[in-house]
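Visitor: Structure here, sequence nowhere to be found:
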Ligand SMILES: Nc1ncnc2c1ncn2[C@@H]1O[C@H](COP(=O)(O)OP(=O)(O)OP(=O)(O)O)[C@@H](O)[C@H]1O
Ligand SMILES: [Mg+2]
């Protein structure tokens, strides 16, 4: 048995709800194990990066959920993260604004730079980091506050407005950029939780935008929405990329193809392949990527 084969066999990760056999994923083809690691296929760098993640590992106790992942997030671009359930997509994006810090058993290793600054540096203010790298979740989660106060909350705690007029301007422009203003301008004092699901998700996007982020992380932002609300959010993502870098986790390959310029395919905690979205969907280089996008597993 060659050394490479032995290493591959010994390091098949036990990640996710089941082992490879239990989830009936076909026997892992070439995962390109080199020594005790593997090589991502494609170019994980970006010409104009806002985030540079290098050699990132995440452990939940003994579970090695992210394995040596390096990836740039480019400015004014949307990158989709795709892959089977449990492959580490949410875990990886939570690294980018240190949300994994909130999980006791999570340990993150590796280097993550935001505009060249180490996000794990002692002087990094985590509250500020999470404003710069905002997050929108799968289930819309407005605060139990008015529509206005949902959006005004971040600017208030970060002292972004000197007076009420300035705050009004930030709230209005954030709601406009989130494509929600005309629907809520007469309901600003009503509870955010009283809006429809799609409106709530746009409210959460407005809340994220209000503090002037550089990156917006979206973890399956449309999975609780109907097709019309989904189309609305997708149009919005296209508009938002003019000002922000966007990372979207999605289980919909159609959505990834519609909204993103780059796509990254994760499998069992590893970043298997990354490239231009068109190339990933029409000409994947790795067998695992091909199997996933052709629906052979996942
Ligand atoms: N808070 C947590 N505590 C312990 N283990 C976790 C936690 N969150 C995720 N994991 C584990 O880390 C691995 C990756 O999970 P993660 O949620 O990142 O996958 P995912 O790709 O986002 O999956 P899905 O598509 O189902 O959302 C899984 O084995 C999961 O069980
Ligand atoms: Mg997830």
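Guide: Everything's here; your move. Keep in mind that what you see is a predicted model, and the values were worked out from it rather than measured. Ligands and ions are numbered 1, 2, ... in the order given.

Visitor: Residue 253 is in contact with residue 281, correct?
Guide: Yes - contact criterion C-beta atoms under 8 Å: residue 281 and residue 253 qualify, at 6.9 Å. No exception for glycine: its C-beta is placed from N, CA and C like everyone else's.

Visitor: which residue ranges form the helices in the stretch 51-200 of the chain?
Guide: 89-96, 126-132, 147-157, 164-177, 181-184, 197-209 (DSSP state H, counting those that start in this stretch).

Visitor: Please identify which of these is closest to residue 260.
Guide: Residue 260 lies closest, by C-beta to C-beta, to one member of those: helix 89-96, at 13.3 Å.

Visitor: Just the mean pLDDT for the closest one, thanks.
Guide: Per-residue pLDDT over helix 89-96 has a mean of 98.

Visitor: could you say what helices and strands that helix packs with?
Guide: strand 49-60, strand 63-74, strand 78-82, strand 106-114, strand 215-219, strand 245-249 (3 or more C-beta pairs under 8 Å, 6 or more residues apart in numbering; DSSP states H and E).

Visitor: Let's see that with 10 Å instead.
Guide: strand 49-60, strand 63-74, strand 78-82, strand 106-114, strand 133-136, strand 215-219, strand 245-249, strand 262-267 (3 or more C-beta pairs under 10 Å, 6 or more residues apart in numbering; DSSP states H and E).

Visitor: returning to that earlier point: dump the helices of the stretch 51-200 of the chain into TSV; add mean neighbour count and distance to residue 139 as well.
Guide: Compiled in TSV, those are given as follows (neighbours: other C-beta atoms under 10 Å; distance: least, C-beta to C-beta, whole Å):
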stretch	mean neighbour count	distance to residue 139
helix 89-96	23	13
helix 126-132	16	18
helix 147-157	21	15
helix 164-177	17	20
helix 181-184	16	20
helix 197-209	24	9
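
Visitor: Please tabulate those in JSON lines, including the columns distance to residue 231.
Guide: What follows is the helices of the stretch 51-200 of the chain, written out as JSON lines (distance: least, C-beta to C-beta, whole Å):
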{"stretch": "helix 89-96", "distance to residue 231": "22"}
{"stretch": "helix 126-132", "distance to residue 231": "28"}
{"stretch": "helix 147-157", "distance to residue 231": "22"}
{"stretch": "helix 164-177", "distance to residue 231": "17"}
{"stretch": "helix 181-184", "distance to residue 231": "15"}
{"stretch": "helix 197-209", "distance to residue 231": "10"}
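
Visitor: Indicate which one of those helices is closest to ligand 1.
Guide: helix 89-96 (3.2 Å; C-beta to the nearest ligand atom).

Visitor: Now the common contact residues for residue 281 and residue 253.
Guide: 82, 263, 293 (C-beta atoms under 10 Å, 6 or more residues apart in numbering).

Visitor: Pull out the buried members of those.
Guide: Neighbour counting with 16 or more other C-beta atoms under 10 Å marks 82, 263, 293 as buried within those.

Visitor: okay, the closest residue to residue 226 other than its chain neighbours: pLDDT?
Guide: Spatial nearest neighbour of residue 226, excluding adjacent residues (C-beta to C-beta, 6 or more residues apart in numbering): residue 198 at 7.1 Å. Residue 198 carries a pLDDT value of 93.

Visitor: With residue 120 instead?
Guide: Per the predicted model, pLDDT is 97 at residue 120.

Visitor: Check residue 59 too.
Guide: 97.

Visitor: That one: neighbour count?
Guide: 15 (other C-beta atoms under 10 Å).

Visitor: for the closest residue to residue 42 other than its chain neighbours, phi and psi?
Guide: Leaving aside its sequence neighbours, residue 42 sits nearest to residue 275 (C-beta to C-beta, 6+ apart; 4.0 Å). Residue 275 adopts backbone torsions of phi -180, psi -170, taken as degrees, to the nearest 10.

Visitor: Can you report how many residues lie near residue 275?
Guide: 21.

Visitor: if I pick it, what's in contact with it?
Guide: 41-44, 262-265, 281, 283-286, 289.
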